[in-house]
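A.B. asks: Structure for this input, please:
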Amino acid sequence: MLGLETVAALIAKDGLVLLAPIAVLEGPIVTVIAAWLASRGLLDVWSVGVVVILADLLGDAVFYSLGRWGLHRLPIRWRYRMGLSRARLAQVSGHFQRNGVKTLVVGKLTHSAGAAVLVAAGLARMPMGRFLWVNLAATIPKSLFFVAIGYAFGSAYSRIDDWIARISLLLLGVILLAGIVWLIKRTTWK
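C.D. replies: Reported below is the predicted structural model:
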């Protein structure tokens, strides 16, 4: 991974052409850096917003595709070792039929659970059109939030990156704790 100073210098030099692929890989902190550069007049802030939203959607589509078309190509014994039995896949599919929208929005907004949720949506064979619309609806406010943070406070991007990491870990902990509580309640109430 490139250092944040290097990323800032590269985006300042090459602009939106380089922002797009880096934003697919890194997301929030790259958005903050690009918006900070826009506040300094080096990039257009509206173009930054559009590029990071499209890059985020592209990255999400890659994870979705991995779940939808990639994991099914693994040998059955490998899938079973990963906990992907037919019964488990049916459960995931049922969950996404009932709660797919909520699950995707939570996965997008928590950042830490995002990749797993996106792959699970693909595994569940959530319709691609619905997946993209829900992701777009969740991506726009999330990306614009980071654009606003970067535009206003982007010079402190190193500290912002630390906060993004801390909040993501905290949210992951909350998600894991909620999952454990849910499992305990589920098994003790039967």
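
A.B. asks: Tell me the helices and strands packed up against the longest helix along the chain.
C.D. replies: Ordering each helix of the chain by length in residues (DSSP state H) puts helix 157-188 first. When contacts are defined as 3 or more CB pairs under 8 Å, 6 or more residues apart in numbering; DSSP states H and E, helix 157-188 sits against helix 4-14, helix 28-39, helix 86-110, helix 128-153. (Glycine included, C-beta is placed from N, CA and C.)

A.B. asks: at 10 Å instead, please
C.D. replies: helix 4-14, helix 28-39, helix 86-110, helix 114-123, helix 128-153 (3 or more CB pairs under 10 Å, 6 or more residues apart in numbering; DSSP states H and E).

A.B. asks: Give me the mean pLDDT for that helix.
C.D. replies: Average pLDDT, helix 157-188: 78.

A.B. asks: And the spatially most central residue of the chain, how far from R40?
C.D. replies: Centroid-nearest residue in the chain: G114, 4.3 Å away (criterion: CA atoms, centre = their mean). G114 sits 29 Å away from R40, taking CB to CB, to the nearest Å as the criterion.

A.B. asks: quick one, phi psi at P127?
C.D. replies: Per-residue torsions, P127: phi -60, psi 130 (degrees, to the nearest 10).

A.B. asks: G41 in helix, strand or coil?
C.D. replies: Following DSSP: H, G, I helix; E, B strand; the rest coil, the label given to G41 is coil.

A.B. asks: Please tell me how far it sits from V7.
C.D. replies: Per CB to CB, G41 is found 19 Å from V7.

A.B. asks: These two: which is more packed in?
C.D. replies: The residue with more neighbours, out of G41 and V7, is V7; 20 against 8, by other CB atoms under 10 Å.

A.B. asks: Pretty sure D60 is one of the things S143 touches, is it not?
C.D. replies: No: counting by CB atoms under 10 Å, S143 does not reach D60; the two are 11.7 Å apart.

A.B. asks: How many residues are close by R68?
C.D. replies: 19.

A.B. asks: Let me see the contact set for the closest residue to L66 other than its chain neighbours.
C.D. replies: Nearest residue to L66, sequence neighbours excluded (CB to CB, 6 or more residues apart in numbering): V119, at 5.6 Å. By CB atoms under 10 Å, 6 or more residues apart in numbering, the residues touching V119 are V62, F63, Y64, S65, L66, G67, R68, G70, L71, V92, G107.

A.B. asks: try 7 Å
C.D. replies: Contacts of V119 were listed using CB atoms under 7 Å, 6 or more residues apart in numbering, and they are F63, L66, G67.

A.B. asks: Which among the residues you listed count as buried?
C.D. replies: Neighbour-count burial (16 or more other CB atoms under 10 Å) is assigned, among the contacts of V119, to F63, G67.

A.B. asks: ok so, going back, what's the angle from the longest helix of the chain to helix 4-14?
C.D. replies: Here the directions of helix 157-188 and helix 4-14 differ by 120 degrees (axes from the mean of the first three to the mean of the last three CA atoms, to 10 degrees).
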